[in-house]
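[1] I'd like to go over a predicted model; first the sequence, then the structure.
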Amino acid sequence: MSPHLLALVLAASPPPERAQQLAQQKAWEELYLAYATASPQDYPEPQRKTIAKPLLKGCEALVAGDAVMAYSLGERAVAFEETAPGLKCLARAALGSDQRGTAEEALRKGLERFPKEGAFGLELGKLLLEDKDGPGAVAALTRVPAGAPQAGLARQLLQKARGLASEASQARSQAEAIERQMNGEAPAGGGTLQHAVATGPGETQSTGYGSSLGADGMRTRINRRFVVKYFNNNRDFGQRADYEGRIVAALDEAYEHTRTMLGEARESPVDVVLYTREEFRTHRGEAWANVAAGLYADQAIRINDAAELTQRTKATLVHEYVHAALDEICGGGHQLPTWLNEGLAEYVEWRYLGSEGPPREVADMLQAAARGNKLPSLAKLSRDMLVRQANPALAYATSATAVRELIRRGGTSKLLTLVRDVGQGTRFDQALLTHYGLDVARLDEDVQFAASRR
């Protein structure tokens, strides 16, 4: 990296005029690097708008040819100012760089923030149709305003979406009829529900209805790995069956991915509590609601904003499930340094999302900090929560990089042996020296070297 670029990266709060200058020069990479680590909160609102416009201009200029850099610029533009054009470009760039979960999140945010913009409902509907989510596509496409330019195409796609939704509705109707009969109610329309009869040898299977409503207003569904809880929110039986089915499938995926990555997973069931954004704020507090996608606390996985099951929600489930597995592996009440606990969860999440490292914009920030000797030390990341660090994204990426370096030295089996030793009372520094022949200072050096060369 040239001294000029390095100076840009290390400038804590480059002036808004610099963004305009770099955009005029079409120096898009320099523009991104200049503001990759800048905090929007360090600027007054008019300056945030001034910075967002050149970043958005770069996103729009590159989205057709360099989706990865366009995504990085778009993410920064939206961080400085959430505009409809910014969210549109971010969604396009995310799709172009195979980040469907981020694209869906940007489109949903745009749909809520800018309901008169027909593009958000249309593009979200297209995305959900590709995912065979008929009901979700119907909900999105019907949000396209009748007078919007996209209304005609939205009406055409609605036919296909309603066809998919109808198939799901028929399956739910049959399940509802079964439930009514099990509850002693007459079938709707006075008809008779026929029982399936086994006509040959083999196992007899029964239909299971795993959820029940508790006195606290939460529904609970239990299997051998998870105890899933969520507030009913006036969902009917069909909606509950669909939601619970998707949640259980996502949790099973988290279990299998963790077991594949670590060679083992949690053996005892773990509580999983799913909240809407408002419920999470009520139960966990405003501060947590604003910074945490989820957390593992009081021996339960707690997921924020889980009303819709997006790719981001699934990744958060994976992250928090790793914490639950570590809690059991280490024996509970463990003394693992925060960077190891969070770093392993973050690294497994990276792998779930198909990468060995963080998203592009975080990777650039990590590399810039490493080359400028600005990485937080592992000692600093040992005790306090990473979300309380000055730069949480950098703290998580540094922690996960440290874990990745340990895994490269001996695999996950060796790492989990260290974890168990710490759980049995061995001091972490001693366990690290015993199993890896390292002290934390040397590991810091390895992390800085790995991050700087990426």
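    It's in.
[2] Tell me which stretches of the stretch 351-454 of the chain form helices.
    For the stretch 351-454 of the chain, the helices defined by DSSP state H, counting those that start in this stretch cover 360-371, 392-423, 428-436, 440-453.
[3] CA atoms only for the third one - export them in PDB, please.
    In other words, helix 428-436. C-alpha atoms of helix 428-436 as PDB (Å, rounded to 0.1, in the frame of the first residue of the first chain):
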ATOM      1  CA  PHE A 428      -5.400 -19.900  29.600                       C
ATOM      2  CA  ASP A 429      -1.900 -18.600  29.200                       C
ATOM      3  CA  GLN A 430      -0.500 -21.900  30.500                       C
ATOM      4  CA  ALA A 431      -2.900 -24.000  28.300                       C
ATOM      5  CA  LEU A 432      -1.800 -21.900  25.200                       C
ATOM      6  CA  LEU A 433       1.800 -22.500  26.000                       C
ATOM      7  CA  THR A 434       1.300 -26.300  26.600                       C
ATOM      8  CA  HIS A 435      -0.700 -27.000  23.500                       C
ATOM      9  CA  TYR A 436       0.700 -24.500  21.000                       C
END
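[4] for that helix, packing partners?
    Judged by 3 or more Cβ pairs under 8 Å, 6 or more residues apart in numbering; DSSP states H and E, helix 428-436 is in contact with helix 392-423, helix 440-453. For the C-beta atoms, the positions are set from N, CA and C on the backbone; glycine is no exception.
[5] how about the ones you listed in a markdown table, adding mean pLDDT, distance to residue 276 and mean neighbour count?
    As requested, those are arranged in a markdown table below (pLDDT from 0 to 100; distance: least, Cβ to Cβ, whole Å; neighbours: other Cβ atoms under 10 Å):
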| stretch | mean pLDDT | distance to residue 276 | mean neighbour count |
| --- | --- | --- | --- |
| helix 392-423 | 93 | 23 | 20 |
| helix 440-453 | 92 | 37 | 16 |
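[6] and those as JSON lines, adding distance to residue 265?
    Shown next, in JSON lines, are these (distance: least, Cβ to Cβ, whole Å):
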{"stretch": "helix 392-423", "distance to residue 265": "11"}
{"stretch": "helix 440-453", "distance to residue 265": "26"}
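[7] Can you check which of those gets nearest to residue 231?
    With Cβ to Cβ, the closest approach to residue 231 among the helices and strands packed on helix 428-436 belongs to helix 392-423: 28.1 Å.
[8] Can you name every helix or strand that that closest one contacts?
    If contacts are counted by 3+ Cβ pairs under 8 Å, 6+ apart, helix 392-423 sits against helix 237-262, helix 311-329, helix 338-352, helix 360-371, helix 428-436, helix 440-453.
[9] quick one: which of those helices has the weakest pLDDT on average?
    Mean pLDDT is lowest for helix 237-262 among the helices and strands packed on helix 392-423, at a mean of 81.
[10] what's the next secondary structure element after that one?
    Downstream of helix 237-262, the first helix or strand assigned by DSSP states H and E is strand 270-274.
[11] How far off centre is the helix or strand just after that following strand?
    Per DSSP H and E, strand 270-274 leads on to helix 277-284 as the next helix or strand towards the C-terminus. Computed by Cα atoms, centre = their mean, to the nearest Å, the chain-centroid distance of helix 277-284 equals 18 Å.
[12] Same check on stretch 21-36?
    Worked out by Cα atoms, centre = their mean, stretch 21-36 lies 28 Å from the chain centre.
[13] Run through who's touching stretch 145-159.
    Outside stretch 145-159, the residues that touch it by Cβ atoms under 8 Å, 6 or more residues apart in numbering are 115-119, 121-122, 125-126, 129, 137-138, 141-142, 144.
[14] Let me know whether residue 23 touches residue 51 as I believe.
    No: Residue 23 is beyond contact range of residue 51, at 10.0 Å (criterion: Cβ atoms under 8 Å).
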